[in-house]
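Q: sequence first, then the predicted structure:
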Amino acid sequence: MLAFPCNQFGGQEPGTESEILEFVQSNYGASFPLFAKVEVNGDGACDLYRFLKAGHPGPDGDEDIPWNFTKFLVGRNGEVLARFEPPATPEEIGQAAAAHL
């Protein structure tokens with residue numbers, strides 16, 4: 001798992017990268033890599049999210065990410081295998097990942 005903080009969703013990530021890292025480590029025991037803050041939608045969307053979203057719309061048919069905690073399953077070859085909206089459980093994602101082994 002990799003995390004990319006974004007403040008485009010209700011201003012929930014206003015802190016610096018180091019403040020966000022401290023928060024997720026102390027409150028949730030996060031041990032996954034936390035990258036620099038990015039934009040995921042609009043003209044300022046970073047290249048990674050442009051790539052992840054391309055051809056992988058949400059349930060509403062729109063490629064934009066409507067809320068944080070949207071997840072993408074990426075194969076070893078870099079192909080986007082699936083998109084998961086915020087309510088998806090780790091078990092659902094694990095099942096999808098296992099199906100691609």
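A: Ah, there it is. Residues are numbered from 1 along each chain as shown.
Q: in which helix or strand does residue 95 reside?
A: Assigned by DSSP states H and E, residue 95 falls within helix 90-99.
Q: what of residue 78?
A: Short version, using DSSP H and E: residue 78 is in no helix or strand.
Q: could you check how far residue 26 is from residue 48?
A: With distances taken as C-beta to C-beta, to the nearest Å, residue 26 is found 26 Å from residue 48. No exception for glycine: its C-beta is placed from N, CA and C like everyone else's.
Q: now the strands: where do they sit in this protein?
A: Secondary structure of the chain (DSSP state E): strands at 71-74, 80-84.
Q: any buried residues in the lowest-mean-pLDDT helix or strand in the chain, and which?
A: Every helix and strand of the chain was ranked by mean pLDDT, DSSP states H and E. The lowest is helix 17-28, at a mean of 92. The neighbour-count check on helix 17-28 (16 or more other C-beta atoms under 10 Å) flags 20, 21, 24 as buried.
Q: distance of the last one from residue 85?
A: So that's residue 24. 20 Å.
Q: now swap in residue 65 and tell me
A: For residue 65, the distance to residue 85 - C-beta to C-beta - is 9 Å.
Q: and residue 53, by the same measure?
A: With C-beta to C-beta as the criterion, residue 53 and residue 85 are 13 Å apart.
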